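Enquirer: With the sequence up front, the predicted model follows.
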Amino acid sequence: QVQLVESGGGLVQAGGSLRLSCAASGRTFSRYAMGWFRQAPGKEREFVANISWTDSRYYADSVKGRFTISRDNAKNTVYLLMNSLKPEDTAVYYCAADPTGWGSPGMGQYDYWGQGTQVTVSS
């Protein structure tokens, strides 16, 4: 069982930056792929980024060049650095863990989910 706890959300002006963190429990964190997803009000949850256990990274087109996903296996933590934020980035951001280690843009690949952290970008 893996427990995930996100932090770092908040209110920021357009053009600003935030760094989200997701702390994971368990001793096998380094073997998991980790993903970030988001859900805006009235919309479906969507893929943002993932990082495999080999450190391969993949981004949604909407965030490519602005967001960076990274991981620190010594701290059992995955990060999402968000730069040049836009009002359309406003959403609840969720991290998720994929025990296969490879990750995917599809939510079904992920067995464990955090509770989410709110990010609000004002115009």
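Expert: It's in.
Enquirer: could you show me where the strands are in the chain, in order?
Expert: Assigned by DSSP state E, the strands in the chain fall at 4-7, 10-13, 18-24, 33-39, 46-51, 57-59, 67-72, 77-82, 91-98, 112-113, 117-122.
Enquirer: what pairs with the fifth one, and is each one parallel or antiparallel?
Expert: Put plainly, it is strand 46-51. Sheet pairing for strand 46-51, assigned by DSSP bridges, gives strand 33-39 (antiparallel), strand 57-59 (antiparallel).
Enquirer: likewise the second one?
Expert: For strand 10-13, the paired strands and their directions (DSSP bridges) read strand 117-122 (parallel).
Enquirer: re earlier: comparing the strands paired with strand 46-51, which comes out most buried?
Expert: Highest mean neighbour count among the strands paired with strand 46-51 (mean count of other Cβ atoms under 10 Å): strand 33-39, with a mean of 24. To be clear about C-beta, it is placed using only N, CA and C from the backbone, and glycine gets the same treatment.
Enquirer: Need the pLDDT of the residue most central in space within the chain.
Expert: In the chain, the residue lying closest to the centroid (Cα atoms, centre = their mean) is residue 36, at 2.4 Å. We have a pLDDT of 98 for residue 36.
Enquirer: give the contact list for it.
Expert: Residue 36 makes contacts with 20, 22, 48, 49, 50, 69, 78, 80, 93, 94, 95, 96, as judged by Cβ atoms under 8 Å, 6 or more residues apart in numbering.
Enquirer: Could you point out which of those residues is nearest to residue 104?
Expert: Proximity of the contacts of residue 36 to residue 104 (Cβ to Cβ) peaks at residue 50, which lies at 7.0 Å.
Enquirer: Contacts only, for the residue of the chain most remote from its centre.
Expert: Going by Cα atoms, centre = their mean, the residue of the chain most distant from its centre is residue 123, 22.6 Å out. For residue 123, the contact set (Cβ under 8 Å, 6+ apart) comprises 14, 87.
Enquirer: redo that, cut-off 10 Å
Expert: 13, 14, 15, 86, 87, 88, 90 (Cβ atoms under 10 Å, 6 or more residues apart in numbering).
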